[in-house]
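*Asks:* Turn this into a model:
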Amino acid sequence: MVRTWPDALRDALGETTDPGRARMLATRYAGAFSGAYREAFSSTNAIADIGVLERLDDDHPRVVRADLHPAMSPSHESFPFRRRNAR
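*Replies:* Predicted structure coming up:
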């Protein structure tokens, strides 16, 4: 059996939150991350980004999260920008 990135996300969510919430988040976000994101980041990174996305609301419509990707040297940082209702 082939284990897909969405499978890994679902399993990781199941380890970090209650089963009902894990299923809901996996359904909501399994297809939300681009192929490029999936190539560059693990499901663990996605869980951190999901936490950020889940906190976005009308009062807090934007956020930037500073993160150092393990494959990057310390001189290269990643600053993912998330916006509510972005397409």
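
*Asks:* What residues sit buried inside stretch 27-45?
*Replies:* Judged by neighbour count using 16 or more other CB atoms under 10 Å, the buried positions of stretch 27-45 are 29-30, 33, 38, 41, 43, 45. Bear in mind the C-beta positions are built from the backbone N, C-alpha and C, glycine included.

*Asks:* Would you list the phi and psi of residue 3?
*Replies:* phi -100, psi 120 (degrees, to the nearest 10).

*Asks:* pLDDT score assigned to it?
*Replies:* For residue 3, the model assigns a pLDDT of 86.

*Asks:* quick one: it from residue 22, how far?
*Replies:* Per CB to CB, to the nearest Å, residue 3 is found 17 Å from residue 22.

*Asks:* circling back to that earlier point, residue 56: which of the buried residues of stretch 27-45 is nearest?
*Replies:* Proximity of the buried residues of stretch 27-45 to residue 56 was ranked by CB to CB; the top entry is residue 29 with 13.0 Å.

*Asks:* For the closest one, which non-adjacent residue is closest in space?
*Replies:* Distances taken as CB to CB, 6 or more residues apart in numbering place residue 50 nearest to residue 29, at 5.5 Å, with adjacent residues excluded.

*Asks:* Output the one helix or strand the one you found maps to as CSV, restricted to C-alpha atoms.
*Replies:* Using DSSP states H and E, residue 50 falls within helix 43-55. Provided in CSV are the C-alpha atoms of helix 43-55 (Å, rounded to 0.1, in the frame of the first residue of the first chain):
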residue,chain,number,x,y,z
SER,A,43,2.8,16.8,7.7
THR,A,44,4.3,18.1,11.0
ASN,A,45,4.9,21.5,9.4
ALA,A,46,1.4,21.4,7.9
ILE,A,47,-0.1,20.9,11.4
ALA,A,48,1.6,24.1,12.5
ASP,A,49,0.3,25.9,9.5
ILE,A,50,-3.2,24.4,10.1
GLY,A,51,-3.1,25.8,13.6
VAL,A,52,-2.3,29.2,12.2
LEU,A,53,-5.1,29.0,9.6
GLU,A,54,-7.6,27.9,12.2
ARG,A,55,-6.9,31.0,14.2
